[in-house]
Every structure is written in structure tokens, then in C-alpha cells.
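Participant: Got a predicted structure plus its sequence, pasted below:
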Amino acid sequence: MQDHNVSRVPLQLVRNCVVASIQVDLSEGVLSQFRTDLLAILQQTNAASVILDVSGVEVMDLVEFDALRQTVDMARLMGARTIFSGFRAGVVSALVELDAEVESIDAALNLDAAFDTLETEPEADLETVDEADEQPATDAADAVREPSDG
């Protein structure tokens, strides 16, 4: 059941990309509703990417960032590449000081840069996966040896 008192993050489909412009204070209710709405629109539209515009967020703590990162992970599982855009300098500084896991996210300075990144950089080059398959196996299974009788 939806709480009609919870602010919603507007979602707009542009160039096969869902643009989410977060211009409200983040709370557990807002983050939960956002996750539900985003995953629903991804399922309905089969959008290839998502841009999370966080330029309106003045303060973000580790819990809120982790909730957004988990939502990004869910979108990725649905096949959508996600880029954050518009982080404010103070938010970036705070997240780094709090040791937030920022290495796994894609980010751009603004919406234009995010769209440019989506258009010019493929998320993964499938040829590198194929090349890895051609290499000799060196995984843990290869290291297991049959016990010797002697």
C-alpha cells in the first residue's frame, strides 16, 4: 500500500534512459518509493540506462547513499546501466570521509556529461569476456588434486 504523504522522485524517459531527478530530502519512505517506481518503469519500458540526478541533494549520509547504491545494483540486474550526476562538492567530500563505497559507481558532473558518457562509453566490452574464456583455466578447481595413495 502506498503512502500518499511520501514525496516521490520524478522519473522521465528520455532517449531510452530513465532520468530520475532527486530534488527532495531523502528518507526511508522516499528511498523505498523511488526504488519501487524505478524498477517498475524499467520493467515497463526496458530502458537501457538510468541517470540519477542528485544535484538537488544538499546532504546525504551513508545510509541514504547505500540505499541509492542498492537501487542502482537492482537496476543493473534488470539490464540498465546507471550513472549518478550532479553530486555537490560537500556531499562528495562527506561520502569520501565516511568511507562510502564509491568505486563501483559511475558518475558525471551534470546531465549533459552523463548523456555523453552513455553515448560514448559502452558499459562492458563483450570481447574481453570472450578473450578470458579462451585462456587456460586457473580457477580453484584446477588447484584441487586427487589424494595420492602413497
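Facilitator: Looks like it arrived, so ask away.
Participant: Backbone dihedrals for Arg15, both of them.
Facilitator: phi 50, psi 50 (degrees, to the nearest 10).
Participant: Pull the number of nearby residues for it.
Facilitator: When neighbours are counted by other Cβ atoms under 10 Å, Arg15 registers 11. All C-beta spots, glycine's among them, are computed from the backbone N, C-alpha and C.
Participant: Now it: closest residue in space that isn't a chain neighbour?
Facilitator: Phe115 (7.2 Å; Cβ to Cβ, 6 or more residues apart in numbering).
Participant: which secondary structure elements does whichever strand or helix holds that neighbour contact?
Facilitator: Per DSSP states H and E, Phe115 falls inside helix 111-120. When contacts are defined as 3 or more Cβ pairs under 8 Å, 6 or more residues apart in numbering; DSSP states H and E, helix 111-120 packs onto strand 17-21, strand 49-53, strand 81-85, strand 106-108.
Participant: so what's the residue nearest to Arg15 up against?
Facilitator: Taking Cβ atoms under 8 Å, 6 or more residues apart in numbering, we find Phe115 in contact with Arg15, Cys17, Ile51.
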